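Participant: got a predicted structure plus its sequence, pasted below:
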Amino acid sequence: MKIGFFGVGNMGGPMAANLVKAGHEVRAFDLSAELVAQAQQAGCDAGRDVAHTVEGAEVVISMLPSGKAVAGLYLGEQGALAHISTEALVIDCSTIDTDTTAALASAAAKSGHRVIDAPVSGGVGGATAGTLTFICGGATAAVEAAWPVLEAMGKNVFHAGDHGAGQVAKICNNMLLAIHMLGTCEALQLGADNGLDPKVLSDIMLASSGRNWSLEVYNPWPGVMENVPSAKEYAGGFAVDLMNKDLTLALETALAKGSRTPMGSLAKSLYGMHGSQGNGRLDFSSIQRLFATLD
Ligand code: NAD
């Protein structure tokens, strides 16, 4: 397929490379010329501008940092929708607010385009390995049409519901992730303060009812597990800044519907404080340091 790809950053770069590996013709565009050059090295063609990037594209994919960037790309008189063929399928993989997703869906309905939201879970590791989970929102036929392309970049494709449902499912998951990471850090610190070896305590909780993903594959206590961010001074992984962005989206969504999210609010306060103390680019499991006991 001919694919126009916008945003070849940490996630989009390896995703576009996997599309090329699967035999697709990918034309990439990014605000950073350096990243476009990297995408060319991975076999992509370089998009000169928005119109050139979507020229002849059967599928258009975006992987952008914010709702503002997504609206700026697609909407308005000179937006990408004005240049994309109505035969093409538009897949927005960015994690963004549901208002922007709704605005894009409504503009696409007016212009006769098919669009789905398909935010991902799996991080940079999953994007590189081609094992991402796509959480889609939109019409069933459009989600089914996206499968062959999404399968070149991921292992799981879920259809959460109509437009915006992919975004809601994604932020519910990440709010839960923030909460169980915090709970895991708190329990490990309590055990360590009372003389337990965090590795032994982790093994005990893994075989007990406290078992959870943070403990199982992403232990936040340095030295308990190899090949996780806590083993590398919390470098790489999923940044505190991005967790704060997702928690903000979760709280905005909760406010709009009146949902009660006291745990999400507390998680946002703690991650916000941690980020503002110069830790924004560290992995989110570095929140363990917030629990360190003062001598
Ligand atoms: P990133 O900042 O590395 O990449 C985003 C890229 O988009 C940048 O290179 C930027 O120059 C480019 N860009 C911005 N506006 C553009 C435009 N109008 N046209 C073309 N390019 C444009 O961010 P990332 O880590 O790749 O994250 C992208 C999205 O994926 C975000 O919505 C993020 O929340 C989500 N996400 C990230 C992770 C992760 O672990 N990094 C995991 C899951 C989901």
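Facilitator: Done, it's in.
Participant: residues in contact with whichever residue of the stretch 151-295 of the chain sits closest to the ligand?
Facilitator: The nearest approach of the stretch 151-295 of the chain to the ligand comes at F238, 4.5 Å away (C-beta to the nearest ligand atom). Placement of C-beta: from N, CA and C, glycine included. By C-beta atoms under 8 Å, 6 or more residues apart in numbering, the contact set of F238 is G123, D283, F284.
Participant: quick one: the last one and K245 touch, right?
Facilitator: No. Applying C-beta atoms under 8 Å, one finds F284 not in contact with K245, separated by 11.2 Å.
Participant: so what sits against both of these two?
Facilitator: By C-beta under 8 Å, 6+ apart, F284 and K245 have no common neighbours.
Participant: okay, those two: which has more neighbours?
Facilitator: Between F284 and K245, counted using other C-beta atoms under 10 Å, F284 has the larger neighbour count: 29 against 19.
Participant: quick one: that one from M181, how far?
Facilitator: F284 sits 6 Å away from M181, going by C-beta to C-beta, to the nearest Å.
Participant: give me the residue at the spatial middle of this protein.
Facilitator: Among the residues of the chain, V120 comes closest to the average C-alpha position under C-alpha atoms, centre = their mean, at 4.8 Å.
Participant: so where do the helices sit in the stretch 51-200 of the chain?
Facilitator: 67-74, 98-111, 123-129, 140-150, 165-193, 198-206 (DSSP state H, counting those that start in this stretch).
Participant: how about these in TSV, adding mean pLDDT and distance to the ligand?
Facilitator: Formatted as TSV, the helices of the stretch 51-200 of the chain follow (pLDDT from 0 to 100; distance: least, C-beta to the nearest ligand atom, whole Å):
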stretch	mean pLDDT	distance to the ligand
helix 67-74	97	4
helix 98-111	96	11
helix 123-129	91	4
helix 140-150	97	14
helix 165-193	97	8
helix 198-206	98	24
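Participant: nearest to T53, out of those?
Facilitator: Across the helices of the stretch 51-200 of the chain, T53 has its closest neighbour in helix 67-74 (10.0 Å, C-beta to C-beta).
Participant: mind checking how far that closest one is from the chain centre?
Facilitator: Mean-position distance between helix 67-74 and its chain equals 16 Å (C-alpha atoms, centre = their mean, to the nearest Å).
Participant: okay, the angle between that helix and helix 165-193?
Facilitator: Orientation check (axes from the mean of the first three to the mean of the last three C-alpha atoms, to 10 degrees): helix 67-74 against helix 165-193 gives 150 degrees.
Participant: with just CA atoms, put helix 67-74 into PDB.
Facilitator: This file holds the C-alpha atoms of helix 67-74, laid out as PDB (Å, rounded to 0.1, in the frame of the first residue of the first chain):
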ATOM      1  CA  GLY A  67      -4.300  17.300  20.000                       C
ATOM      2  CA  LYS A  68      -3.100  20.700  18.900                       C
ATOM      3  CA  ALA A  69      -0.600  19.100  16.500                       C
ATOM      4  CA  VAL A  70      -3.300  16.700  15.100                       C
ATOM      5  CA  ALA A  71      -5.800  19.500  14.600                       C
ATOM      6  CA  GLY A  72      -3.100  21.700  13.000                       C
ATOM      7  CA  LEU A  73      -2.300  18.900  10.600                       C
ATOM      8  CA  TYR A  74      -5.700  17.800   9.400                       C
END
